[in-house]
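**Q** what follows is a protein structure lacking sequence information:
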């Protein structure tokens, strides 16, 4: 009897937890259809206007564009540097390997406000004006550690026999890398890039310290006491796109496993 | 799974697959150099800058934000005297939020990683739900809670009606709502690493526990939990660290009030508004130092070496 109660208790608990997790998301999405254009904290009936005229809210589309631009460049930098580091850490044993790992862990152990203030102090000391590129630099920095963790996990789970097979078949070092290692690492790299972009796009604290006059999407939201429904539209659209991307990645991964005959 | 990133599903595999011995050392150096240079330039150098800034002094008759290099260790004493409640509050809120996130998050991770194994679709869907908050703007979802818990919300009205909340009091602006927001916002960071370590858990260990006449709870406390400790350690760190530095939840326009200001609020204000750079820098350095000490003790105690 106790067992059957326990059997239902966990799923019930998890369902409640999911309701908790999803509640504010649903709220944000619903309020993107709010007919009240002045104050989006009061419900005023359904409308599609906000979705059709997103850019009506002044500066929102510029801010969105800036965020996408920062996200793409920062993700590129972090993914390239992070992948190289992950391969080195996963494949080679060298003096200072532990120190390198620690150094990569440290940015994750640093609260955002400290990272943000640190870089801002640095830019101030060196006399670099804050703007688009300082945001890119900070974003790439905090994404880097997450890329390394994600890709390194993939490197570690690679079967060394596959690369050996490549060499046995007279593949040169670079051929083995480009035709065997890199394709096998791709799922990890894609996941890392998606994660980086998500982290960069949504970052507020570090950005606030290093943005100067530039406005990213989160900074734009912050300047409004009650952000207009257009902000909800953009957030909701991003949300839907991201969920679709995650589902596609999963379906592709599942198909790949099936094709390669790997039983999960 | 794409975003089961933290803790990494390969962490265990890393332990078994020994890295190749030192071969082609120059390749390793080539792979490492760009990333390490980046970290040196944009992580270590700024930390040094921060320390130097924290020791700066204002010269006679200096204007706002004007400081000269110095060695004023008194800045730290001054900052501690003025802001110790904020520091303690930050650590306290972060600690409570971490414990709550663990209590809420562990069963979710267990469900996805162990119970739902038989149903890949349920597993995939649940994981997507866990990471869903990542994709909706952090600020907007926190504002959504502000409305959902607000004075006129049905939640507040119900609590008033039941007499659990005095009519004169609100939810938003209290320590409760700040901790609530912190907990909510960092649950995914807790669930993912625990899930990653539970996913690798061999069910036969659980069956073995059962065969040895251990009840479900004994099996859990003696087998499952110890095996998932690496995930619990990374999850609690990934929750505690950002939570202690966060200041959105605690800020007045979100879920807090002046009485709930955390150390991040002070750093933001002193650095960006009043431009008291040494004060902000000293507080940042102090926070960083406290966190490093806590992390070092915690990691040593829990016996988990491989964090990354």
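**A** Okay, I see it. On a predicted model such as this, the values are computed, not experimentally measured, just so you know. Numbering: from 1, shown residues only, chains lettered A, B, ... in the order given.
**Q** with residue A:251 as the reference, measure out to residue B:121.
**A** From residue B:121 across to residue A:251, the span is 11 Å (C-beta to C-beta, to the nearest Å). C-beta here means a position set from N, CA and C on the backbone, and glycine is covered the same way.
**Q** ugh, wrong one, I meant residue A:144
**A** As judged by C-beta to C-beta, residue A:144 and residue A:251 stand 29 Å apart.
**Q** who has more neighbours out of these two?
**A** The residue with more neighbours, out of residue A:144 and residue A:251, is residue A:144; 28 against 11, by other C-beta atoms under 10 Å in any protein chain shown.
**Q** so the more buried one sits against residue B:37, correct?
**A** No: here residue A:144 does not reach residue B:37: they are 11.7 Å apart, not a contact under C-beta atoms under 8 Å.
**Q** give me the neighbour count for residue B:224.
**A** 18.
**Q** ok now do the residue of the stretch 101-250 of chain B found nearest chain A, which residues does it touch?
**A** Residue of the stretch 101-250 of chain B nearest chain A, by C-beta to the nearest C-beta: residue B:245 (2.4 Å). If you count contacts by C-beta atoms under 8 Å, 6 or more residues apart in numbering or on different chains, residue B:245 has them with A:111, A:112, A:113, A:114, A:205, B:90, B:263, B:264, B:287.
**Q** touching chain B at all, the helix or strand containing the third one?
**A** Right, the one you point to is residue A:113. Assigned by DSSP states H and E, residue A:113 belongs to helix A:112-126. Yes: using C-beta under 8 Å from any C-beta of the partner chain, we find that helix A:112-126 touches chain B at A:112, A:113, A:114, A:115, A:117, A:118, A:119, A:120, A:121, A:122, A:124, A:125.
**Q** how about residue B:113, nearest residue that isn't a chain neighbour?
**A** residue B:198 (3.3 Å; C-beta to C-beta, 6 or more residues apart in numbering or on different chains).
**Q** hang on, that neighbour is in a helix, isn't it?
**A** Yes: using DSSP: H, G, I helix; E, B strand; the rest coil, the assignment for residue B:198 is a helix.
**Q** got a list of what it touches?
**A** B:109, B:110, B:112, B:113, B:114, B:224, B:228, B:231.
**Q** list just the nearest of the residues you listed to residue A:90.
**A** Minimum distance to residue A:90 across the contacts of residue B:198 is 19.9 Å, recorded for residue B:231 (C-beta to C-beta).
**Q** just checking, the closest one is part of a helix?
**A** Yes: assessed by three-state DSSP, residue B:231 belongs to a helix.
**Q** can you show me the helices along chain A?
**A** Ranges of helices within chain A are A:2-30, A:49-52, A:60-91, A:97-105, A:112-126, A:132-156, A:160-168, A:173-176, A:182-202, A:205-210, A:217-223, A:229-260, based on DSSP state H.
**Q** again with chain B
**A** B:11-16, B:25-39, B:45-54, B:74-113, B:120-135, B:138-148, B:154-162, B:175-199, B:203-211, B:216-219, B:225-227, B:229-245, B:263-268, B:277-302.
**Q** those: which one's closest to residue A:81?
**A** Comparison of those against residue A:81 by C-beta to C-beta identifies helix B:25-39 as nearest, at 4.2 Å.
**Q** what helices and strands are in contact with that closest one?
**A** If you count contacts as 3 or more C-beta pairs under 8 Å, 6 or more residues apart in numbering or on different chains; DSSP states H and E, helix B:25-39 packs onto helix A:60-91, helix A:97-105, helix A:132-156.
**Q** is the longest one anywhere near chain B?
**A** Read that as helix A:60-91. Yes: for helix A:60-91, a contact with chain B is found by C-beta under 8 Å from any C-beta, at A:77, A:80, A:81, A:82, A:84, A:85, A:87, A:88, A:89, A:90, A:91.
**Q** which residues sit in contact with the nearest residue to the fourth one once chain neighbours are set aside?
**A** Okay, so that is residue A:82. Leaving aside its chain neighbours, residue A:82 sits nearest to residue A:147 (2.8 Å; criterion: C-beta to C-beta, 6+ apart). Residues near residue A:147 by C-beta under 8 Å, 6+ apart: A:78, A:79, A:81, A:82, A:83, A:86, A:192, A:193, A:195, A:196.
**Q** give me the lowest-pLDDT entry from those residues.
**A** When those are sorted by pLDDT, the bottom entry is residue A:195 at 87.
**Q** was I right about residue B:135 contacting residue A:237?
**A** No: counting by C-beta under 8 Å, residue B:135 does not reach residue A:237; the two are 10.5 Å apart.
**Q** so for the two, which sits in the more crowded spot?
**A** The neighbour count for residue B:135 versus residue A:237, taken as other C-beta under 10 Å, is higher for residue B:135 (23 against 15).
**Q** run through the residues that contact the more buried one.
**A** The neighbours of residue B:135, taking C-beta under 8 Å, 6+ apart as the test, are A:198, A:238, A:239, A:242, A:243.
**Q** ok, and which of those reach chain B?
**A** Filtering the contacts of residue B:135 for neighbours of chain B using C-beta under 8 Å from any C-beta leaves A:198, A:238, A:239, A:242, A:243.
**Q** just the pLDDT for whatever residue of chain A ends up closest to chain B.
**A** Closest to chain B within chain A is residue A:111: 2.4 Å, counting by C-beta to the nearest C-beta. Listed pLDDT for residue A:111 reads 91.
**Q** what sits against it?
**A** Counting by C-beta under 8 Å, 6+ apart, residue A:111 makes contact with B:241, B:242, B:244, B:245, B:246, B:264, B:287, B:288, B:291.
**Q** how close does it get to residue A:166?
**A** Counting by C-beta to C-beta, the gap from residue A:111 to residue A:166 is 44 Å.
**Q** using the record's assignment, carve chain A into domains.
**A** A:1-57+A:228-264, A:59-227 (automatic domain parsing).
**Q** tell me which of these sits most buried.
**A** domain A:59-227 (a mean of 20; mean count of other C-beta atoms under 10 Å in any protein chain shown).
**Q** contacts for stretch A:56-64, please.
**A** The set of residues external to stretch A:56-64 that reach it, using C-beta under 8 Å, 6+ apart, is A:54, A:55, A:215, A:216, A:217, A:219, A:220, A:228, A:230, A:231, A:234.
**Q** show me which of the residues you listed neighbour chain B.
**A** Residues of these in contact with chain B (C-beta under 8 Å from any C-beta): A:217, A:231.
**Q** hmm, which of the contacts of stretch A:56-64 is lowest in pLDDT?
**A** residue A:54 (82).
**Q** could you double-check that that residue sits in contact with residue A:228?
**A** No: in this structure, residue A:54 is not within contact of residue A:228 by C-beta under 8 Å, at 10.1 Å.
**Q** shaky segments in the chain?
**A** Went with chain A since none was named. For chain A, applying pLDDT under 70 flags the ranges A:1-6, A:37, A:261-264.
**Q** let's do chain B instead
**A** B:1-24, B:303-308.
**Q** and residue 58, backbone torsions?
**A** Assuming you mean chain A. Note on residue A:58: its backbone torsions stand at phi -60, psi 130 [degrees, to the nearest 10].
**Q** ah, I was thinking of chain B
**A** According to degrees, to the nearest 10, residue B:58 has phi -90, psi 120.
**Q** check the gap between it and residue B:64 for me.
**A** Separation of residue B:58 from residue B:64 (C-beta to C-beta): 10 Å.
**Q** neighbour-wise, which of the two wins?
**A** With neighbours defined as other C-beta under 10 Å, residue B:58 and residue B:64 compare such that residue B:58 has more, 17 against 8.
**Q** which ones are touching the residue lying closest to residue B:117 once chain neighbours are set aside?
**A** What sits nearest to residue B:117 in space, not counting adjacent residues and going by C-beta to C-beta, 6+ apart, is residue B:123, at 6.7 Å. Going by C-beta under 8 Å, 6+ apart, residue B:123 touches B:112, B:116, B:117.
**Q** quick one: residue B:123 from residue A:257, how far?
**A** As judged by C-beta to C-beta, residue B:123 and residue A:257 stand 14 Å apart.
**Q** spatially central, which residue of chain B would that be?
**A** residue B:239 (2.5 Å; C-alpha atoms, centre = their mean).
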